[in-house]
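1. Provide a 3D model corresponding to the input given below.
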Amino acid sequence: MDEMQVMCAEADPALDFPLHTEWLKDLAIGYVIDRGDKFTFISKRHMGEESAITEAQIKQVAIANFVRDFKFTPMQTIFGCYGLHGASDHCATVMFVEPVWQQLVGQLGKDLVVAVPAYDLLFFTPADDEEGITNLKFELYKIQGMGLEKRIRDYLFLYKRESKEWSFLEDLGEADEWDD
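-> Now for the predicted structure:
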């Protein structure tokens, strides 16, 4: 048997499947170890049989590490919304980092409509800005035709300032759905 066959034979889906939490719509949160030249998803096997660390603690450590290692600042976009300037490959991860959103809604003082069309793109606009939401939707439509390699989805989410909660708003779908 070659090495790959041995690894597959020894795999246990309950232990080897990446730890993850279902989020909204069809998105999930997973945790990785940065090995410098690659990332390794954390699984229950990494935690050991009698681990002293829980999944909740892993999430807490991951968020603390993210806040420590990456800084993002809001910037005005040319299409009248906001984006984040910072470590671009980690923009999608910002969705799950509460301190960033507390800061943003603190600065803007409003609920936010948010889109993350790709790993390296995150846009938002105040939820009461109808023109901003229209511009955000149009920008997502334009991005669909660009052939980006790190695409996620054309979803809109709502972040509520007071309750600090996320909700799913809309799936803008593929370009052919815009013809309706």
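
2. From now on I want contacts and neighbour counts done on CA atoms only, so please keep to that.
-> Noted.

3. Low-confidence stretches in this structure?
-> 1-9, 49-51, 88, 147-149, 174-180 (pLDDT under 70).

4. what's next to the helix or strand hosting residue 46, contact-wise?
-> Under DSSP states H and E, the secondary-structure element containing residue 46 is helix 44-47. The list of residues contacting helix 44-47 from outside it, by Cα atoms under 8 Å, 6 or more residues apart in numbering, reads 14-19, 53.

5. among those residues, which are in helices?
-> 14-16 (DSSP state H).

6. Can you tell me which of these is closest to residue 48?
-> For these, the residue nearest residue 48 by Cα to Cα is residue 15; the value is 9.2 Å.

7. So the closest one is in contact with residue 43, correct?
-> Yes - counting by Cα atoms under 8 Å, residue 15 touches residue 43, with 6.3 Å between them.

8. Neighbour count: the two, which is higher?
-> residue 43 (20 against 15; other Cα atoms under 10 Å).

9. Contact partners for the nearest residue to that one once chain neighbours are set aside?
-> Leaving aside its sequence neighbours, residue 43 sits nearest to residue 18 (Cα to Cα, 6 or more residues apart in numbering; 4.4 Å). Residue 18 is in contact with 30-31, 41-44, counting by Cα under 8 Å, 6+ apart.

10. ok, how many other residues are close to residue 69?
-> So residue 69, with other Cα under 10 Å, has 9 neighbours.

11. that older thread, grab the CA positions of the helix holding residue 46 and hand them over as PDB.
-> Once non-C-alpha atoms are left out, helix 44-47 reads as follows in PDB (Å, rounded to 0.1, in the frame of the first residue of the first chain):
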ATOM      1  CA  LYS A  44     -10.900  16.400  17.000                       C
ATOM      2  CA  ARG A  45      -7.800  14.300  16.500                       C
ATOM      3  CA  HIS A  46      -5.700  17.400  17.200                       C
ATOM      4  CA  MET A  47      -7.500  17.900  20.500                       C
END
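
12. Name the residues of the next helix or strand after it that are buried.
-> Downstream of helix 44-47, the first helix or strand assigned by DSSP H and E is helix 55-69. Under the neighbour-count criterion of 16 or more other Cα atoms under 10 Å, helix 55-69 has 55, 58-59, 62-63, 67 buried.

13. ok, now stretch 34-47?
-> Residues 42-45 are the ones in stretch 34-47 that count as buried (16+ other Cα under 10 Å).

14. Looking at those, which is nearest residue 113?
-> residue 42 (30.6 Å).

15. That closest one touches residue 33, doesn't it?
-> Yes - judged on Cα under 8 Å, residue 42 makes contact with residue 33 at a distance of 6.8 Å.
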